[in-house]
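Visitor: Fold the stuff below for me.
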Amino acid sequence: MPRMRVSHSHTTTPTRMPQGTEKQVTELSVFIEAELVDGLSLPQLSEVANRYHAEAETSAHSAVEYAWHAGQALIAAKGQCAHGEWLPWLEANFNGSRQTADNYQKLASNCQHVSNLKPGTSIRGALAAIQKENRASKDELAPSTPAPKRKAITDQARSAGWNLRKAVERIERIAADDRFNAQKEKVAPEIRDHLVNAVEVCQHLIDRINNTTKKED
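Guide: Numbering: from 1, shown residues only. Take a look at the predicted model:
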């Protein structure tokens, strides 16, 4: 993971930072840049997180880098909190909101995406880029849906043939019905178009079968 360097030209002091700790926090930031946050205590991590949070709030061009550093400190702090203590600790020791802390940690957990961002990218833009990259990664890893197995065409032909024979038998029974001649004007609209279509389809299929048979001969 490439080390992210941050300029310390800003001197903004968070409102909750104890007086006289400016030099201490600046020295502690060296540990952040060296990725040794796990060695810091909770009070130290609180000071570092608040320092970088204040920088992220005021920086126009390096907000993402400052937020990334704050996220590193918050992740380390969360790891030191016992179950159920993290949110109370965050409320008491971090100057930002819970959502801000979540965003910072998300940036810190996605260093590869963050390090590839263009200079001057906003925190919102960085989070959107991370979401887009993660979604693309999930799409690439998602198993492709196998094509449904098709029924053998010979089985389909056999089934269609039997269904056609049954349909023809039903039509023959209708034609043989003693009521047909008297009511054929009523029957015709119900069946004429279907019969014409069936004849055309069947004739086309017969022609194809005959042509295939001739070629084989």
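Visitor: list the buried ones in the host helix or strand of H53?
Guide: Using DSSP states H and E, the secondary-structure element containing H53 is helix 42-58. Within helix 42-58, the residues that qualify as buried are 44-57, counting by 16 or more other CB atoms under 10 Å. Every C-beta, even on glycine, is put in place using the N, C-alpha and C of the backbone.
Visitor: Can you tell me which of the residues you listed is nearest T100?
Guide: Distance from T100 was checked for each of the buried residues of helix 42-58 by CB to CB. The minimum falls on H53, at 7.2 Å.
Visitor: could you measure that closest one against C111, distance?
Guide: 18 Å (CB to CB, to the nearest Å).
Visitor: max-length helix in the chain?
Guide: Across the chain, the longest stretch assigned as helix under DSSP state H is helix 180-216.
Visitor: Pull out the buried residues from that one.
Guide: For helix 180-216, the buried set under the neighbour-count rule, 16+ other CB under 10 Å, comprises V187.
Visitor: quick one: average pLDDT of it?
Guide: Along helix 180-216, the predicted confidence averages to a pLDDT of 83.
Visitor: which helices and strands does it pack with?
Guide: Applying 3 or more CB pairs under 8 Å, 6 or more residues apart in numbering; DSSP states H and E, one finds that helix 180-216 makes contact with helix 153-176.
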